[in-house]
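Trainee: Can you look at this prediction? I've put the sequence above it.
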Amino acid sequence: MPLSHTLDRLDVSFDDAHSVANAGLILPATLAAHLGIEQAANEVVDLGDRPGYFQPGAKVMTFLHALIAGAECIDDADVLRSGSTSSVLGHRVLAPSTLGTFLRSFSFGHVRQLDRLSEVAMARAWAAGAGPGSGPMTIDIDSTICGVHSHAKQGAAYGYTKVLGYHPLLATRAQTGEVLHVRMRKGSANTGRGAERFVNELVGRVRRAGAAGQLTLRGDCGFWSKHVTGACRRHRVRFSITVRQTTRVRAAIEAIAETAWVEIEYSPDAVAQVAETVLGDDRLIVRRVRNLDDQGELFFDWRFHAFVTDRPGDLFELEADHRDHAVVELAIRDLKEGAGLRHCPSGRFHANGAWLVLTAVAHNLVRWVASLGLGLRTPLVIKTQRRRLITLPGRWTTSARRSRLSLPQDWPWEEEFMAALGRLRTLPFAA
């Protein structure tokens, strides 16, 4: 009998009350329990007498686990209420209608309360072994466009990309891909708008969380201003920021002697050379590139890329390190690709600001599962981690007063899953 005919005769029903849709959520749920995130949310988030004020911790945890499972809108949280899925989460799962009411109650001040919650979670995770300790840490700052498809979205506007949406600021940890700080902004906001205050808050957050070593801030030309570099100097943070090709910068580049340019390894279809000079009190490091395609051979023309830095060290190492600023795009990709930042669910600006912070915390929980549970020190694509360890089916049963979570036999990543679960369960509980 053809296989298609066999499948046509297969009986299908939704009647298994013991099934678990995303059994791998037990990993971030275990970590969140040891970090005490629900209790911290109940202490930090206070909506007063606004709708949805009761039990903010359970609502926050419902959001976080839905986002980790790949939720892109509030209604997607309903997957946590299917079968026995809630049994692996360790908290009460709220309905999407309740979550929506909760989110719409946020003002700017309440979003700042969520900022405080994300800082508490980060400090506890870093204290458990995920942090930089006294070692150096590189921070990448960038902005991104969160497109929307409705003019009813409060604060959404057209910016320099001509895309309707929001324009949030993000800071990520280069070594791990963690999101260190976020801030929602209107779509018409300039790239550098609010950057000085953002840097001030960012440095304070990571210092309080336990980063005791040298900090280095990397950014593109949108953050090149005396305000950002001044904030870095005040906080004794090294910086490496791309500059715009202003008249002053071009004059400094043109003054570089031809003999000062040194060729470096680059892509096979281009030639690149670097040199350095000064711009004010800072080093100005310049890379010039010429393509080797037909157009490049016909028109001998260099393209210049320059950045200012106050960092000591070898010219070539600093230039290569600055190019690595591009890793911030990988963190932004993980926030958007099949994840929460792909969509801003509410018509209210501050509700979307709260959604942004919750998305960052969910992102970090997955990162911490990788670092604390799997022992990984380099970022793993969250889409891959979600597929291997989170979105696997399971079955919850109870016998002789003992509960059991049964997972698929011959799962390719069984060993990594069990090792991660074992390590997470050994973490101390937050006081």
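Mentor: Received the coordinates, thanks. Numbering: from 1, shown residues only.
Trainee: contacts, neighbours, all on C-alpha from now
Mentor: OK.
Trainee: which residues touch residue 140?
Mentor: Neighbouring residues of residue 140 by C-alpha atoms under 8 Å, 6 or more residues apart in numbering: 171-174, 217-219, 325, 328.
Trainee: As JSON lines, these with pLDDT and neighbour count would be great.
Mentor: Listed next are those as JSON lines, based on pLDDT from 0 to 100; neighbours: other C-alpha atoms under 10 Å:
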{"residue": "171", "pLDDT": "97", "neighbour count": "26"}
{"residue": "172", "pLDDT": "97", "neighbour count": "23"}
{"residue": "173", "pLDDT": "96", "neighbour count": "20"}
{"residue": "174", "pLDDT": "94", "neighbour count": "25"}
{"residue": "217", "pLDDT": "98", "neighbour count": "26"}
{"residue": "218", "pLDDT": "97", "neighbour count": "26"}
{"residue": "219", "pLDDT": "96", "neighbour count": "24"}
{"residue": "325", "pLDDT": "94", "neighbour count": "21"}
{"residue": "328", "pLDDT": "94", "neighbour count": "24"}
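Trainee: Tell me how many other residues crowd residue 127.
Mentor: For residue 127, the neighbour count with other C-alpha atoms under 10 Å is 16.
Trainee: Also residue 49?
Mentor: 9.
Trainee: Same check on the one 5 residues further on?
Mentor: Number of residues near residue 54 (other C-alpha under 10 Å) recorded here: 15.
Trainee: can you check residue 16 too?
Mentor: Residue 16 has 11 nearby residues by other C-alpha under 10 Å.
Trainee: where does it land on pLDDT?
Mentor: We have a pLDDT of 89 for residue 16.
Trainee: tell me, which helix in this structure spans the most residues?
Mentor: Longest helix in the chain, counting residues (DSSP state H): helix 349-368.
Trainee: Could I get the buried residue list for that helix?
Mentor: 349-368 (16 or more other C-alpha atoms under 10 Å).
Trainee: For residue 186, which three-state class applies?
Mentor: coil (DSSP: H, G, I helix; E, B strand; the rest coil).
Trainee: and if you look at residue 127?
Mentor: Counting by three-state DSSP, the backbone at residue 127 sits in helix.
Trainee: which one is it nearest to, not counting chain neighbours?
Mentor: Excluding the flanking residues, the one nearest residue 127 by C-alpha to C-alpha, 6 or more residues apart in numbering is residue 210, at 7.3 Å.
Trainee: quick one: pLDDT of that neighbour?
Mentor: At residue 210, pLDDT is 95.
Trainee: pretty sure it is in contact with residue 128, am I right?
Mentor: No - if you go by C-alpha atoms under 8 Å, residue 210 and residue 128 don't touch, sitting 10.8 Å apart.
Trainee: hmm, back to that, same list as before, the contacts of residue 140 that is, but in JSON lines and with distance to residue 206 and secondary structure included.
Mentor: Listed next are these as JSON lines, based on distance: C-alpha to C-alpha, whole Å; DSSP: H, G, I helix; E, B strand; the rest coil:
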{"residue": "171", "distance to residue 206": "11", "secondary structure": "strand"}
{"residue": "172", "distance to residue 206": "11", "secondary structure": "strand"}
{"residue": "173", "distance to residue 206": "10", "secondary structure": "strand"}
{"residue": "174", "distance to residue 206": "13", "secondary structure": "coil"}
{"residue": "217", "distance to residue 206": "12", "secondary structure": "strand"}
{"residue": "218", "distance to residue 206": "15", "secondary structure": "strand"}
{"residue": "219", "distance to residue 206": "17", "secondary structure": "strand"}
{"residue": "325", "distance to residue 206": "19", "secondary structure": "helix"}
{"residue": "328", "distance to residue 206": "17", "secondary structure": "helix"}
